[in-house]
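> show me the folded form of this:
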Amino acid sequence: MSALGIFIWELLGTGTLILLGTGVVANVVLRKNLGNNAGFLFVTFGWAFGVFTGASIAAPSGAHLNPAVTLGLAIAGKTPWEDVPIYVAGQMVGAIIGAVLCWATYKLQFDDHPEPENTLGVFSTGPQIRSYGWNLVTEIIGTFVLVAWILLSPTATAGEAGVPEFGNSALGYAGVSFVVLVIGISLGGPTGYAINPARDLGPRIAYALLLPIRGKRDGDWGYSWVPVVGPLAGGALAALLYLAVHNLT
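This is a model prediction of the structure:
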């Protein structure tokens, strides 16, 4: 696929993911919404199905949607290194656009919200207990689970006597959505499970620089490196595990 093709499909898929993911948070957090106060479980399902929708759209490019996934696939030898910046550029631009579309969808609710200084959490993650080291560990572990599943999951093979064995590939993009769902439910409480640098940094940039929300706070830039470095480290570690396992078996 051409560089432009990768960029466009990743932009469209990531933009859809972020629109739906931040959209479910806005639905829960902002008042005068039908989903107001629906709770964290509601949010985890919204993000999971957002992954499924975005990945299905971005299927022509391989549906990375996540720089940590792209890095892991590159280290594992499944994505050319020269394509990595193109994937990441598409993901970042898509994430920014998705955040802007979320704001446009909920513009009236943002205007009505009584605590505009607390709206950053609609778009980006933050820790319940701030400790950069342990917050980083949480993001590394969550992303490690995601990328390890992508790399280690059995794929379709011919099987014995030509009978196909589909493995997890039979689930399609629903499979990774289930993994994102359980990561959110099981590991997402401490930091909000960014597990994707573009998912966090793109909307954070949009919030700080583009969105005209009256009374909003800054982008909490002191924390912003954690949901970038943590997922990249987790994705890299998962790829190293994949290489080690395949070298031993």
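
> from here on, contacts and neighbour counts on C-alpha atoms
OK.

> contacts only, for the closest residue to Asn196 other than its chain neighbours.
Distances taken as Cα to Cα, 6 or more residues apart in numbering put Asn66 closest to Asn196, at 5.3 Å, once the chain neighbours are dropped. Applying Cα atoms under 8 Å, 6 or more residues apart in numbering to Asn66 gives the contacts 14, 88, 91, 196-199.

> neighbour-wise, which of those leads?
Thr14 (34 neighbours; other Cα atoms under 10 Å).

> is that residue in a helix, a strand, or coil?
Put simply, Thr14 is helix when judged by DSSP: H, G, I helix; E, B strand; the rest coil.

> my guess is Phe7 meets Tyr87, correct?
Yes. Counting by Cα atoms under 8 Å, Phe7 touches Tyr87, with 6.0 Å between them.

> which of the two has more neighbours?
The residue with more neighbours, out of Phe7 and Tyr87, is Tyr87; 27 against 22, by other Cα under 10 Å.

> helix, strand, or coil at that one?
helix.

> quick one: residues contacting it.
Neighbour list for Tyr87: 6-7, 10, 64-65, 67, 70 [criterion: Cα under 8 Å, 6+ apart].

> nearest to Pro116 among the contacts of Asn66?
Arg199 (21.2 Å; Cα to Cα).

> tell me, how many residues neighbour Ala208?
Using other Cα under 10 Å, Ala208 has 17 other residues around it.

> apart from its chain neighbours, what residue comes closest to it?
Ala208's closest residue in space is Gly219 (Cα to Cα, 6+ apart), at 5.3 Å.

> circling back: restricted to helices, list the contacts of Tyr87.
The helices, defined by DSSP state H, take in 6-7, 10, 67, 70 from these.

> roughly how far does Ala89 sit from Ile96?
The span separating Ala89 from Ile96 equals 11 Å under the rule Cα to Cα, to the nearest Å.

> which SSE is Gly184 in?
In this structure, Gly184 sits in helix 173-187 according to DSSP states H and E.

> buried ones in that helix?
For helix 173-187, the neighbour count (16 or more other Cα atoms under 10 Å) marks 173-185, 187 as buried.

> no further questions, thank you.
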